[in-house]
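Q: sequence first, then the predicted structure:
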Amino acid sequence: MMRNKSLRTHFMLLYFVLSIVAGIIVPFLGVKLSVEAFRNYQIQRRKADLENLGDSLSALYFEEGGVWERRRVMDVLRPAPQWGGMTISLIDSSGNEVYTLKPPSILRSSHSNSNPNAKKSSASGRTSHPKTEHITIKLAGNSGRLEIERRLPSGRYEMSFISYLISYTLACALVVIVLACGTGYFVAGKLSRPVTLAIERTKRISKGDYDVHCEAEHTGIRELDALTKVVGELGRSLEGQEKLRRRLMVDVAHELRTPLTAARTQIEAIADGILEPTPERLNLCVNEMNRLAELIKNVDDLSRLEGETLGIHPEITDMKKFLSAVVESFTPLFEKSGITLSAELRDAVCEIDRDNFRHVTDNLLSNAIRYTDKGGKVSVKLYTQGDEAVIEVADTGIGIAAEDLPNIFERFWRADESRARVTGGSGVGLAIVKASIEAHGGKISAQSTKGKGSCFTVRLKRA
C-alpha cells in the first residue's frame, strides 16, 4: 500500500521536479538550439565567403583572357583565417586541377608522412578518418568550379566556444537547482504550516475543545488565510451551539418538569387524603396536562418542520385579504389588553399553506401582545419589494437586547427569562415560525432595541 506523503513533501517534490526541468532540460534544449543556430550561421557565412571567392576567380579568369594564371590564382587563394580547416581546389572547364590550397595542418601531416623516420599510421593498426563536408561551386562563364572539402567540426575556436557554452550552462543549471530546492524548502514550509495548524485545531474541535480563539497566522495567500479563518469560525460556532444545546436540555427538562410537578403534587395530595378531589383541583391537573401536551406538540411540529417531514400544501392566496382576517380576529384581544393594533396592507399574492401560515401570524401577534405593555402599539404592514411580498409585525414592547437578538429563533431560547415565565412562553414559538416560513421558501429576520420595541420581517416569493 502506498504511503501518504505530507503536504510539505509534495511541495518539495514538485519544486524538485520543476528545478530539474528548469535547471537541466531547458538549458540543454537552449544549448542544443544555440549550437545548431551557431553552426547554421557558420554554414551560411562560409557559403557567402566561398561565393565571393568564386566571383573573384571568375573575374580573374576573364581578365587574363580566358586562361588560368597559376601565380595569380595562388595570390587569390593565399591562405587566410576564413579558409582555415578547408581544402580548396580550382578545377578548370576540362576537369584539370589548376591549384589546390590545403590547411597548414594537412601540409604538416603530409610532410610528416614523407619522413622515413616518422611512425606509420598503419603500425598502430588504426587510421583516422575525420568527418568531412564536400561543397561544389560553379564559376561564372563555365570557366570551372571550386571543390571544397571541409572537416567537421570546422575548427578549434568553434569547438572551444561550444565547450565553454556547455560548461557555463551546466554551472548555471546547478546553481538554479540549488536555489530552487532551497526556495522550495522554505516555501513548502510556509504553505504547509497553516494547513497543519488548521488540522490540529480541527482535531481539537472534534474532541470538544472549542478554545480556538488564538490569533491565526497570515500567510498573504487568500485561500490559506480563508481556511484558517473558517476553522476559527467553525470552532466559535460549535462552541455557541454546544452552549445552546446545554441550555436546551435544561430548558426542556424545566418545561416538562413544571406541569408534571404541579399535576403530580395535586394528585398525590388527593391520593393521600390531604386534599379533596374537587372539580377545581381536577381541572388544574387537566390544565397542566394540556400544557404539557401542547409543549410536546410544539416540539414535535418543530422537529417535523425542520426535518422537512411536514407536508406543505401551498395555494394561491390574496395576502391582503388573508392578513385582514387575521387582524380582525385579534382586534378584540388587543382592545382587551389596552394595546392599539393597526394595519397597513397593500395588494400582494403568494403561494402559502393557509392553515400552516396562520400559525405564523398568530404566533407573531401573540408575542406582540405578550411583550407589549398596556398603552403600547402594534402595527402590521404588507407591501411588495421586487419579486417579494414583505410582512412586518412591529411593536413598542420591551424589545430584545442586541446580544440576544441572533438567538431568538433557537429552540427554547428566552431573551428575558423572568418575563417569559410570567407570560408563559415556552420558547419554541419563534423557532416554529422560522421553520414554517423556511418551509414556504421564505425568510424571517428581526430588528429590536431594548426598551423600545421589536420588528419582525417576513419575506415570501410573490406568485
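A: That came in fine, so what should we check first?
Q: got phi/psi on K102?
A: K102 adopts backbone torsions of phi -110, psi 150, taken as degrees, to the nearest 10.
Q: who are the contact partners of the spatially closest residue to it that is not a sequence neighbour?
A: Nearest non-adjacent residue to K102, counting by C-beta to C-beta, 6 or more residues apart in numbering: T87, 5.2 Å away. Where C-beta positions appear, they are placed from N, C-alpha and C, glycine not excepted. Applying C-beta atoms under 8 Å, 6 or more residues apart in numbering to T87 gives the contacts T100, L101, K102, P103, I106, I148, E149, R150.
Q: check what pLDDT T87 gets.
A: On the pLDDT scale, T87 is placed at 84.
Q: do the same with E344
A: 94.
Q: other residues contacting stretch 319-330?
A: Identification of contacts with stretch 319-330 by C-beta under 8 Å, 6+ apart yields 341, 343, 345-350, 352, 354, 357-358, 361-362, 365, 369, 380, 382, 389, 391, 460.
Q: can you map out the strands along the stretch 201-350 of the chain?
A: All strands of the stretch 201-350 of the chain, identified by DSSP state E, counting those that start in this stretch, fall at 315-318, 340-345, 349-352.
Q: same check, this time on the stretch 351-463 of the chain
A: 377-385, 388-395, 443-449, 453-461.
Q: possible to save these as TSV with mean pLDDT and distance to S56?
A: Listed next are the strands of the stretch 351-463 of the chain as TSV, based on pLDDT from 0 to 100; distance: least, C-beta to C-beta, whole Å:
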stretch	mean pLDDT	distance to S56
strand 377-385	95	95
strand 388-395	95	95
strand 443-449	92	96
strand 453-461	94	95
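Q: any buried residues in stretch 442-454, and which?
A: Residues of stretch 442-454 classed as buried by neighbour count (16 or more other C-beta atoms under 10 Å): G442, I444, A446, S448, K450, G453, S454.
Q: same check, this time on stretch 47-56
A: For stretch 47-56, burial by neighbour count (16+ other C-beta under 10 Å) applies to L50, L53, G54.
Q: for that stretch, what is the distance to the chain centroid?
A: Distance of stretch 47-56 from the chain centroid (C-alpha atoms, centre = their mean, to the nearest Å) equals 65 Å.
Q: what average pLDDT does that stretch get?
A: Across stretch 47-56, pLDDT averages out at 84.
Q: please export the C-alpha coordinates of that stretch as PDB.
A: The C-alpha coordinates for stretch 47-56 follow below in PDB (Å, rounded to 0.1, in the frame of the first residue of the first chain):
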ATOM      1  CA  LYS A  47      28.900  29.800 -48.200                       C
ATOM      2  CA  ALA A  48      28.800  33.500 -48.700                       C
ATOM      3  CA  ASP A  49      32.600  33.800 -48.400                       C
ATOM      4  CA  LEU A  50      33.100  31.000 -50.900                       C
ATOM      5  CA  GLU A  51      30.700  32.500 -53.400                       C
ATOM      6  CA  ASN A  52      32.600  35.800 -53.100                       C
ATOM      7  CA  LEU A  53      35.800  33.800 -53.700                       C
ATOM      8  CA  GLY A  54      34.300  32.200 -56.800                       C
ATOM      9  CA  ASP A  55      33.300  35.700 -58.200                       C
ATOM     10  CA  SER A  56      36.900  36.900 -57.700                       C
END
